[in-house]
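A.B. asks: build me a model from this:
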Amino acid sequence: MREREAVLALVRHARAEWYLVAQLLEITGGAERVVRGDWIGFEPPELRAAVADGAARDADLDEFEAQIAELAAEGISVVMVMDDEYPTNLRLIYNRPPFLFVRGSLAPEDERAIAVVGTRQASEEGRALADSLARELASSGVTVLSGLALGIGLDGPRLASS
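C.D. replies: Reported below is the predicted structural model:
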C-alpha cells in the first residue's frame, strides 16, 4: 500500500471536514488500515462517517503517485499527520490538516511561523500584496505558511519556505 497516496485519496473522497480524516489516521495508525477496512472499532462514530467506503481505488493511488512525483521534481514534499516531521504546533490544534505540502524543508526554528491567508475571492491587488508580504517575510528568514485554499496563496503548493 502506498500510504501518502492513500491519505490523499481518502481526503478526496472524505464526507466530512479534513481534520476528521486526520484524527482517524492518527487513531488507526494510518491510511493503509482505513483503506483495507482494518480499523472498525477504533474510532468514534463521527470518524467512521468521515470516509467513504472504498475511497482509495487503484486509479486514485496511481494518480496521486504521479502527482507526488511531479511535486517532488519541483522540490515539494508531502508530509502526513502521522510523520515525525509534521509540525508540533499543528499537531496540537483540534482541526489539524491530514497532510501538508512543503517547499524546502521544515526545521526546528519553523516552530514559530506566520500564515498568510485571505479571502477566497481575492482581487489581483490582494494577491499581489499577500505575495509581496510572504516573499518579504521569507527573505527575512521567517517561515511562511499557506493553507492553499482558493484565493490568497493559490499560485502553487508552497507551505513552508525560508
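A.B. asks: tell me the mean pLDDT over the strand or helix carrying I68?
C.D. replies: Using DSSP states H and E, I68 sits within helix 58-73. For helix 58-73, mean pLDDT rounds to 87.
A.B. asks: now find how far off-centre it is within its chain.
C.D. replies: Centroid separation for helix 58-73 versus its chain: 15 Å, with C-alpha atoms, centre = their mean, to the nearest Å.
A.B. asks: can you give me the buried ones in it?
C.D. replies: D60, L61, F64, I68, L71 (16 or more other C-beta atoms under 10 Å). In this view, the C-beta of every residue, glycine as well, is placed from N, C-alpha and C.
A.B. asks: so which strand or helix has the closest residue to the second one other than its chain neighbours?
C.D. replies: In other words, L61. Sequence neighbours aside, E5 is the residue nearest to L61 in space, at 4.3 Å (criterion: C-beta to C-beta, 6 or more residues apart in numbering). Using DSSP H and E, E5 sits within helix 3-12.
A.B. asks: what does R127 give?
C.D. replies: Here R127 is assigned to helix 124-139, by DSSP H and E.
A.B. asks: quick one: mean pLDDT over that helix.
C.D. replies: Per-residue scores along helix 124-139 average to 86.
A.B. asks: V34 contacts A6, correct?
C.D. replies: Yes: look at V34 against A6 with C-beta atoms under 8 Å: they come within range, at 7.4 Å.
A.B. asks: check whether the spatially closest residue to S77 that is not a sequence neighbour sits in a helix, strand or coil.
C.D. replies: In space, and not counting its chain neighbours, S77 is closest to V102: 5.0 Å by C-beta to C-beta, 6+ apart. Assigned by DSSP: H, G, I helix; E, B strand; the rest coil, the conformation of V102 is strand.
A.B. asks: G141 now?
C.D. replies: Look at G141: counting by three-state DSSP, its state is coil.
A.B. asks: thank you kindly, that will do.
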